[in-house]
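>>> When you get a sec, could you give me coordinates for this:
(one chain, ligands or ions: 1)
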Amino acid sequence: MRQLEEKILKDGKVLEGGILKVDNFLNHQVDVAFLKKLAQEVYDHYKDAGVTKILTVEASGIPLATLVADIFSVNLLIAKKHKSLNISNNVYFSKVFSFTHKQENIIMVSKEYLHSGERVLIVDDFLANGNAGLGLVDIVRQAGAVPVGISCAIEKSFQSGHDLLVKEGIDVFSLARIKSMSENSLEFVK
Ligand code: 5GP
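Predicted structure coming up:
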């Protein structure tokens, strides 16, 4: 998405450790009007997929996922993060290594809110190595629901997440795909 690429070039800062900071519009301060445009692109891609629920993981994917859920007129389900396993058997859970915090978390959703046969679209702000995405797909499948796709605002295509998710049979739709980035340059996949 051209507008998102331009915004990343204008406002993004590449930090050490391969982190792109775009927190003036995507996940700290939120440019709601702009994110509505991203959400519309996600909707246009999946509008015929029979989506019944949007799933994200706390916290930084919540703004975009909320706006996507609003356009689909379906509920948003937010997987909760915990540092350790201290869980009732009333939840689906998966282990996820956090790219930004370099630690393993347990992510979980209540069995009450995810059911067999549901068609779930996963939405997040970033796709890097795919750990969050794979964990969410795992949870959807434990419930007997169908992961219809995973949509991220920004995919760092030089990391392994896209290919891992495609290998899992997941439709991956990212609005901006970064081919390479460093402090002084940032290139998108053509
Ligand atoms: P993955 O699980 O695909 O390795 O990483 C995805 C998660 O890590 C996203 O939920 C996102 O919050 C965070 N993340 C990964 N890369 C970046 C990045 O370059 N910048 C920011 N701000 N978050 C990132």
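>>> The helix or strand harbouring residue 79 and the ligand in contact?
With the criterion set as DSSP states H and E, the secondary-structure element containing residue 79 is strand 75-82. No - with C-beta under 6 Å from any ligand atom as the threshold, strand 75-82 lies outside contact range of the ligand, at a closest distance of 10.1 Å. Heads up, the C-betas are built off the backbone N, CA and C, glycines and all.
>>> distance between the ends of stretch 113-121?
Taking C-alpha to C-alpha, to the nearest Å, the first and last residues of stretch 113-121 lie 14 Å apart.
>>> mind listing what's buried in that stretch?
Along stretch 113-121, these residues count as buried under the neighbour rule (16 or more other C-beta atoms under 10 Å): 114, 118, 119, 120, 121.
>>> What average pLDDT does it get?
What stretch 113-121 shows for mean pLDDT is 98.
>>> Same check on stretch 43-62?
For stretch 43-62, the mean confidence score works out to 98.
>>> re earlier: sheet-wise, list the partners of the helix or strand that the strand holding residue 79 is followed by with their directions.
Past strand 75-82, heading to the C-terminal end, the next element that is a helix or strand (DSSP H and E) is strand 91-97. Each strand pairing with strand 91-97, determined using DSSP bridges, is listed with its direction: strand 104-110 (antiparallel).
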